[in-house]
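1. Sharing a sequence plus its predicted fold:
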Amino acid sequence: MLAGLQAVVDPGEIVAVVNTGDDAELYGLHISPDLDTITYTLSGASNPVTGWGLAGDTFRAMEALDRFGAPTWFRLGDADLATHLYRTGRMDEGATLSEVTAEISRAFGLGVRLLPMSDDPVRTRLRLRGAEEVAFQDYFVRLRHSVAVEDVRFEGAERAEPAPGVLAALTDAEIVVVAPSNPVVSIGPILAVPRVADVLEARRETVVAVSPIVAGAALKGPADRLLAELGHEASAAGVARFLAPWVGAIVIDEADGGLADEVRAAGLRCLVAPSIMKTPEAAAALARVVLGSGRTAGPPDGASAAKGP
């Protein structure tokens, strides 16, 4: 979604508030998977096959760790390790996650401004059905999200502060775009940071989401199963009801056009359009639909209208 947006909007006018609930401390390093995946993708350096990591990376360090019997289920490429080494070293020196993110973004030549949702540690924790509570990466990578979940919580969220610039970006942007990410574990941690949800509710009419569920299934990851396991309907209409308190419009795929009335009944404006971004051109076309929807609503009362999402 971000790649589509930067194809149709000056990247310098885009601010991305990024989930850090997936962050983990592994091999003595601070790893920020969502920040890094976005950085690598927008810079054109990502691995197009896996969707994570860097293109052409090698794994000799992981092979060396295997020699010692170290757990290597979370695979990090050798060049990817440099990002984590740099981040960890700078944070050990006293830099905040926001400051290091800006430095890494500049090094990769990004025009989009990336903001972690908070500089304070917030960690997504999932209680497995009939079993223990695990960290997000254990659930998602080690267990391959193959186990049922009973509950999700965001450890540390109640004590966290939004990172510098987050509230201003969400308040002042002409449009807030919610990417088609997992609403529970990708969007949920951001909303759990104090005051973020309040800001979005106050400008609800110019918050536009794209449904991550198409024809009753997630295109990627466990969003459909996780929604159902937690008592929500795994459909575009179910997503609309889940997001309704703070989202004013949603784009659903043509395959779900028959659910448009249910979406409207949940109190959202509904746009039906191709939403599967198989090509850069499709992503750009979807970005135009999303931006058009948000601009139709006009800026919320009392909020300034910045030029970008």
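-> Right, received. Where do you want to start?
2. Am I right that Glu150 is in contact with Glu133?
-> No: using Cβ atoms under 8 Å, Glu150 is not in contact with Glu133; the gap is 9.3 Å. In this view, the C-beta of every residue, glycine as well, is placed from N, C-alpha and C.
3. hey, what's in contact with both of these two?
-> Arg127 (Cβ atoms under 8 Å, 6 or more residues apart in numbering).
4. Quickly list what Ile213 is bridged to.
-> Ala218 (DSSP bridges).
5. mind listing what it touches?
-> Residues near Ile213 by Cβ under 8 Å, 6+ apart: Ala223, Asp224, Leu227, Ala234, Ser235, Ala236, Gly238, Val239, Asp256.
6. tell me which strands and helices the helix or strand bottoming out on mean pLDDT in the chain is in contact with?
-> Least confident helix or strand, the chain: helix 280-297 with a mean of 88, by mean pLDDT, DSSP states H and E. In terms of contacts (3 or more Cβ pairs under 8 Å, 6 or more residues apart in numbering; DSSP states H and E), helix 280-297 is packed against helix 2-8, strand 176-178, strand 207-210, strand 249-252, strand 269-272.
7. Could you pull up the mean pLDDT of the fourth one?
-> Going back to what we said before, that points to strand 249-252. Strand 249-252 shows a mean pLDDT of 98.
8. What pairs with it, parallel or antiparallel?
-> Strand 249-252 pairs in its sheet with strand 207-210 (parallel), strand 269-272 (parallel), by DSSP bridges.
9. Most tightly packed of those strands?
-> Burial of these is given as mean neighbour count (mean count of other Cβ atoms under 10 Å); strand 207-210 ranks first at a mean of 27.
10. So what touches that strand?
-> 1, 175-180, 200, 239, 243, 246-251, 275, 286, 290, 293-294.
11. on that earlier part again, dump the helices and strands packed on helix 280-297 into a markdown table; add distance to Thr72 as well.
-> A markdown table is the format used below for the helices and strands packed on helix 280-297 (distance: least, Cβ to Cβ, whole Å):
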| stretch | distance to Thr72 |
| --- | --- |
| helix 2-8 | 30 |
| strand 176-178 | 34 |
| strand 207-210 | 35 |
| strand 249-252 | 39 |
| strand 269-272 | 44 |
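12. So which of the ones you listed is nearest Gly21?
-> When the helices and strands packed on helix 280-297 are compared by Cβ to Cβ, strand 176-178 sits nearest Gly21, at 15.7 Å.
13. I'd like to know which elements the closest one is packed against.
-> Applying 3+ Cβ pairs under 8 Å, 6+ apart, one finds that strand 176-178 contacts strand 207-210, helix 280-297.
14. Counting by contacts, list what the helix or strand that that strand is followed by packs against.
-> Next in sequence after strand 176-178, counting helices and strands by DSSP states H and E, comes helix 188-192. Contacts defined by 3+ Cβ pairs under 8 Å, 6+ apart place helix 188-192 against strand 149-155, helix 196-202.
15. Excluding sequence neighbours, find me the nearest residue to Arg264.
-> In this structure, Arg264 finds its nearest non-sequential neighbour in Cys270, 5.3 Å apart by Cβ to Cβ, 6 or more residues apart in numbering.
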